[in-house]
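>>> A structural model of the following input is requested.
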Amino acid sequence: MTEETDISRISRLAEAVRKAKSGDICFHVEVSGENDELDILADEIRQMAESLHDTIVGRKAAEDARRDYEERFRRLEVNIPGMVYTFVQHPDGNVSFSYVNEASRQLFDISPEDLTGNASLLISLIHPDDREKFVSSVKRSAETQQPWREVLRHIVNGEVRWYDCMSRPELQANGDVLWDGIMLEITAQKRFEDALRESELRYREVFENTSDCLFLLDVTVDGRFKFAGFNPAEEKAVGFLSAKTSGKFVEEVIPEALARQVIANYRRCVLFGTIINYEEKLDLPVGVRYFQTVLIPVRNAVGDIYRIIGISRDTTESRRVEEALRQAKLVVEKSPVVLFRWRAAEGWPVEMVSGNVIRYGYTPEELLSGAVPFSSIVYSEDVERVAAEVQEYSRSGVESFQQEYRIVTKEGDVCWVDDRTVVERDDEGNVSHYQGIVIDITDRKRTESVIAARIRLLQFAETHTLDELLEATLNEVEELTGSCIG
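Next comes the predicted model:
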């Protein structure tokens with residue numbers, strides 16, 4: 001091989017070394033096949049280039065991996081919903097933050113730079129009632145090397161905020177204790193919990209103290225019903241204790257016939273999936289009771305009815321009162337006693353009258369509507385006297401009074417009545433209404449008139465002749481009957 005060729009080969013090998021040195025390993029090293037010193041050198045340069053290539057590729061992959069890790073950590077740090085930190089307690093008892101992410105600005109209005117420079121900026125914000133808890137729990141975690149977690153209140157810009165703080169301690173060789181952790185703000189959650197707790201207290205107060213009967217039923221997946229609770233009013237009304245019935249199926253608690261009756265309504269509520277309202281008569285251990293009941297279906301997140309709220313009003317007593325009033329009304333309607341309530345105004349407008357006023361030929365509607373004023377049915381010769389007496393009684397302040405006067409029936413007959421009236425007054429003492437009873441005393445008045453006539457005739461007979469007595473008797477009869485005989 002010529003010297004010129006060797007120089008050319010050496011020149012190419014030198015060029016390859018320069019490229020490799022500059023980081024360019026994309027070259028090809030040729031060998032002559034002579035297996036001489038230059039070929040040996042060329043082979044070593046080739047091996048060096050391959051090794052360098054592998055090193056560069058590995059280093060680049062490691063660098064890419066590091067950048068990827070840093071990017072993922074950056075995204076995690078930015079997006080994590082809390083303050084990531086490293087808290088340090090030194091052997092001399094001093095504390096510091098060696099690392100804090102940007103969330104410190106949002107959570108505490110403190111920059112990471114300020115907080116890493118002065119840990120007391122955050123510690124001083126801890127609510128006075130929580131500071132002792134913070135100090136003692138951190139000390140305990142440092143001594144036991146157990147994870148630290150506390151819910152602490154901080155006062156940030158005058159507002160009380162809640163934070164869930166958690167970290168894990170690690171003892172360092174120099175005696176420092178490092179806690180790597182996170183602080184999450186849970187103010188909204190705490191406020192919701194407080195509101196929920198207050199709501200539950202209000203619900204419990206209503207549940208325990210309302211006079212209405214309240215009961216809860218759980219609806220099982222197979223369509224059966226379990227008692228889930230009674231309020232005190234329900235316990236009293238039905239004779240069962242909530243503590244002994246809760247969690248039991250309806251048919252396990254009450255007799256079979258009664259269970260079938262109530263379950264039919266529960267199933268109807270589930271079938272229609274809406275509020276239902278009904279009356280029921282239940283034969284209970286405490287006796288027969290009547291209820292006006294409302295069932296309200298409650299659905300879970302997927303829309304299935306899992307509970308029924310029952311609200312019942314015990315109408316047993318009101319039914320008894322209604323029945324007593326009905327019986328009383330029947331008695332009144334069949335009696336000669338007519339109930340009235342008049343307004344204290346001209347003509348005594350009627351605001352209430354019992355149905356048996358029909359005995360005088362007038363319907364309640366005629367009197368209530370004013371088509372027939374009450375004053376118009378009072379006998380004309382008695383109206384002025386009755387009005388004057390009413391006015392005098394009202395002015396004197398009496399609470400009740402009694403009058404006897406005549407009224408004219410719709411057919412034109414004259415009846416005597418005994419009117420017993422109670423005076424109603426408003427808050428200022430003015431008479432607003434009269435209420436009372438009007439009793440037909442026509443027969444009594446006739447009897448009294450007959451007796452009075454007999455007495456007069458007996459007295460007359462003592463001083464007069466028989467013919468004069470007969471004439472006086474005819475006059476008395478005409479007066480009593482209102483007819484003309486002779």
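>>> pLDDT weak spots in the stretch 251-400 of the chain?
331-332 (pLDDT under 70).
>>> what ranges do the strands span in it?
Along the stretch 251-400 of the chain, counting by DSSP state E, counting those that start in this stretch, strands occupy 276-284, 287-299, 305-314, 337-343, 350-353, 400-408.
>>> residues contacting the spatially most central residue of the chain?
Geometric centre of the chain, nearest residue: residue 203, 6.3 Å, by CA atoms, centre = their mean. Residue 203 makes no contacts at all, as judged by CB atoms under 8 Å, 6 or more residues apart in numbering. Where you see a C-beta, it was placed from the backbone N, CA and C, and this is true even at glycine.
>>> Go through the helix or strand containing it and flag the buried ones.
In this structure, residue 203 sits in helix 187-209 according to DSSP states H and E. Buried residues in helix 187-209, defined by neighbour count with 16 or more other CB atoms under 10 Å: 187, 190, 207.
>>> what helices or strands is whatever helix or strand comes next after it leaning on?
Sequence-wise, the next helix or strand downstream of helix 187-209 (DSSP H and E) is strand 213-219. Strand 213-219 is packed against strand 225-230, helix 232-238, helix 256-272, strand 305-314, with contacts defined by 3 or more CB pairs under 8 Å, 6 or more residues apart in numbering; DSSP states H and E.
>>> helix/strand/coil for residue 174?
coil (DSSP: H, G, I helix; E, B strand; the rest coil).
>>> what about it, how many residues close to it?
By the criterion of other CB atoms under 10 Å, residue 174 has 7 neighbours.
>>> how much space between residue 246 and residue 300?
As judged by CB to CB, to the nearest Å, residue 246 and residue 300 stand 20 Å apart.
>>> between the two, which one's more packed in?
residue 246 (15 against 10).
>>> contacting residues for that one?
For residue 246, the contacting residues are 227, 228, 229, by CB under 8 Å, 6+ apart.
>>> Most neighbours out of those residues, which is it?
Result: residue 227 is most packed of these (other CB under 10 Å), 21 neighbours.
>>> Now that that residue has come up, it's in contact with residue 245, right?
Yes. With contact defined as CB atoms under 8 Å, residue 227 counts as touching residue 245 (4.4 Å).
>>> residues shared between the contacts of those two?
The contact sets of residue 227 and residue 245 overlap at residue 253 (CB under 8 Å, 6+ apart).
>>> about what we covered before: please produce JSON lines containing the helices and strands packed on strand 213-219, extended by distance to residue 455.
Listed next are the helices and strands packed on strand 213-219 as JSON lines, based on distance: least, CB to CB, whole Å:
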{"stretch": "strand 225-230", "distance to residue 455": "75"}
{"stretch": "helix 232-238", "distance to residue 455": "66"}
{"stretch": "helix 256-272", "distance to residue 455": "72"}
{"stretch": "strand 305-314", "distance to residue 455": "62"}
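>>> Tell me which of the ones you listed sits nearest to residue 107.
Residue 107 lies closest, by CB to CB, to one member of the helices and strands packed on strand 213-219: strand 305-314, at 38.9 Å.
>>> Give the rounded mean pLDDT of stretch 426-439.
If you average the pLDDT over stretch 426-439, you get 92.
>>> contacts for that stretch?
Contact partners of stretch 426-439, identified using CB under 8 Å, 6+ apart, comprise 336-344, 348, 351-352, 390, 394, 400, 407, 417-425.
>>> Now which of the residues you listed would you call buried?
If we count by 16+ other CB under 10 Å, the contacts of stretch 426-439 have these buried: 336-340, 342-344, 348, 390, 394, 407, 417-419, 421, 423-424.
>>> mind checking pLDDT for residue 213?
Taking residue 213 on its own, its pLDDT is 91.
>>> Also residue 195?
Residue 195 is given a pLDDT of 84.
>>> Same check on the one 10 residues further on?
Per-residue confidence at residue 205 stands at 80 (pLDDT).
>>> how near is the residue nearest to the centre of the chain to residue 195?
Applying CB to CB, the value for residue 203 to residue 195 is 12 Å.
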